[in-house]
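Engineer: sequence below, structure please.
(one chain, ligands or ions: 1)
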Amino acid sequence: MKQAAPGEFEIIRDYFADAPRGEGVVLGIGDDCALLEPPVGRQLATTVDTLVAGRHFPADADPALVAGRALRVNLSDLAAMNARPLWFTLALTLPESDREWLQGFADGLLQTAREYGISLVGGDTTKGPLTITIQVTGSVATPLRRDGAGPGDAVFVSGPLGAAAAALPVILGERPAAPALEAQAVNAYYHPEPQLALAEAIAGLASAALDISDGLLADLGHICARSGVDAELDMAKIPVASLARELAGPEALELAATGGDDYQLCFTVPEGKVEEAIDHCRQRGLTPVRIGTLVERGTGPAAGGRVRCHLEGEEWRARRPGYTHF
Ligand SMILES: [Mg+2]
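Structural biologist: Residues are numbered from 1 along each chain as shown. This next block holds a predicted model:
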């Protein structure tokens, strides 16, 4: 006999009650609020992100993969600030409360939570179009911000770009791929790795940082705008993901420059600290790549910061500027 669809109370009791309870959780799921103890001498970093089925992920996607990605994307924002993950809350809007979907979602979510040592401390469920909202909080001693960069600073990215954007047509079923490539595509899109270790390595040395969610050029533009500088990039230096090359061929560089969803970090370092920053990364087995330099803000009508790209001595222009939300 088919089990009755769980109500809100049952959803929390059956699927999320044994969520990991880590640092600072005085009282977790089950009361009106969670009670949380902030770590002494550190600031709290908090952010929220909403994913809508059909817009941010395919509605029929594996719920465990969707859950893992939803949490990883938020953890990436903590990494971008050099914040250590502490707690998160979940607001889940479901068209129907389907036990199989919920079990998969909870498994994916809690497994990822354990992997990154972050505690689920509260949640809410409502009926409606499938939407996942996760709010994360971390603690930080040495924050990485967007507004501290200056002319002359070196521009780095933490790792290969373009894989997730190249994977998207495969994920959406718009492009066939051999099983091995399809597995890589699923991994690239659903398992972005929050760059927490890299953030720690560059903390106190980097002048600005953010995670690349909307595309390198668009996101570096945010650093430029907030810091009042322009950027010049050598496109030959961009680390293009091998998956992007395999799936997108000659389009790979375009995807690396403008494709979102890789969640690598883009960061800037004053010239005098570059060597030390690279050293700190190497000690942790990390190899960020220098792709350009910040320059004085030029004159002109541009309201935000401008990113100029060169390839083999010629100006290089992206055909599309990056992901826009509206
Ligand atoms: Mg971000």
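Engineer: helix, strand or coil for Arg290?
Structural biologist: Secondary structure for Arg290, judged by DSSP: H, G, I helix; E, B strand; the rest coil, is strand.
Engineer: where's the residue of the stretch 1-150 of the chain found nearest the ion, which helix or strand?
Structural biologist: Closest contact between the stretch 1-150 of the chain and the ion, by CB to the ion, is at Asp77 (4.4 Å). Placement of C-beta: from N, CA and C, glycine included. Asp77 belongs to helix 63-80 when elements are defined using DSSP states H and E.
Engineer: mind checking how far that helix is from the chain centre?
Structural biologist: 7 Å (CA atoms, centre = their mean, to the nearest Å).
Engineer: where exactly do the strands run in the chain?
Structural biologist: 25-27, 35-36, 43-52, 84-94, 119-127, 131-140, 154-157, 208-211, 229-234, 265-269, 289-296, 307-311, 314-316 (DSSP state E).
Engineer: tell me how many other residues surround the residue of the stretch 1-150 of the chain closest to the ion.
Structural biologist: Each residue near Asp77 was counted by other CB atoms under 10 Å, and the total is 21.
Engineer: name the nearest residue to it, sequence neighbours excluded.
Structural biologist: Distances taken as CB to CB, 6 or more residues apart in numbering put Thr47 closest to Asp77, at 4.6 Å, once the chain neighbours are dropped.
Engineer: which parts of the stretch 1-150 of the chain sit against the ion?
Structural biologist: Asp77 (CB under 5 Å from the ion).
Engineer: returning to what we had before: now for the helix holding Asp77, which elements pack on it?
Structural biologist: Identification of packing neighbours for helix 63-80 by 3 or more CB pairs under 8 Å, 6 or more residues apart in numbering; DSSP states H and E yields strand 43-52, strand 84-94, helix 99-116, strand 131-140, helix 179-190, helix 196-202, strand 208-211.
Engineer: tell me what angle that helix forms with helix 179-190.
Structural biologist: 50 degrees (axes from the mean of the first three to the mean of the last three CA atoms, to 10 degrees).
Engineer: thank you kindly, that will do.
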